[in-house]
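Participant: Sequence and predicted structure, then a few things I'm wondering about:
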Amino acid sequence: MKTFLAVYTGSPTSMQNARFDALNNDEKQKRVAEGIGAWHAWVDKYRDFIVDKGTPLGRTKSVSPSGIVDIRNNLTAYTVVRSSSHEEAAKMFENHPHFMIFPGDTVEIMECLPIPD
């Protein structure tokens with residue numbers, strides 16, 4: 001089995017595109033509750049393949065030789081899964097609540113490669 005990192009993305013316009021911003025507070029809360037329930041169902045479905053459920057991601061700092069600066073990127077959360085192939089890992093995220101219910105854009109899946117000796 002190989003290990004894969006899935007990163008959830010959402011752009012500044014995600015909420016607009018999903019019309020999430022147009023919902024009133026009660027509708028937003030209902031959508032969030034529906035999304036959380038669907039996410040837990042997804043976790044239950046793939047529990048044997050999930051290495052780390054992950055977590056939502058907060059604000060970002062970038063560190064370089066020039067120093068530390070606050071930046072914005074499109075990463076919103078992550079999950080780590082195991083699968084026999086990249087394609088199989090990607091299929092786990094088809095119709096994921098991140099973009100079917102929540103106003104997320106994509107889930108990007110990449111293989112975690114071994115560190116060379």
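Facilitator: Right, received. Where do you want to start?
Participant: List the buried residues of the helix ranked longest in the chain.
Facilitator: Of all the segments of type helix in the chain, defined by DSSP state H, the longest one is helix 25-45. Across helix 25-45, burial judged by 16 or more other Cβ atoms under 10 Å covers 31, 35, 38-39, 42. For the C-beta atoms, the positions are set from N, CA and C on the backbone; glycine is no exception.
Participant: Among the residues you listed, which has the minimum pLDDT value?
Facilitator: Lowest pLDDT among the buried residues of helix 25-45: residue 31, with 89.
Participant: Does anything pack onto the longest helix of the chain? Which helices or strands?
Facilitator: Helices and strands touching helix 25-45, by 3 or more Cβ pairs under 8 Å, 6 or more residues apart in numbering; DSSP states H and E, are helix 97-100.
Participant: Now do the helices in the protein.
Facilitator: With DSSP H, the ranges of helices along the chain come out as 14-17, 25-45, 86-91, 97-100.
Participant: how far is stretch 90-104 from where the chain is centred?
Facilitator: 8 Å (Cα atoms, centre = their mean, to the nearest Å).
Participant: Could you pull out the buried residues of it?
Facilitator: 90, 92-93, 96-99, 101-104.
Participant: Can you give the contact residues for that stretch?
Facilitator: Contacts of stretch 90-104 from elsewhere in the structure, counted by Cβ atoms under 8 Å, 6 or more residues apart in numbering, are 6, 8-10, 14-15, 17-18, 20, 31-32, 34-35, 38-39, 42, 46, 49, 76-77, 81, 83, 105-107, 109.
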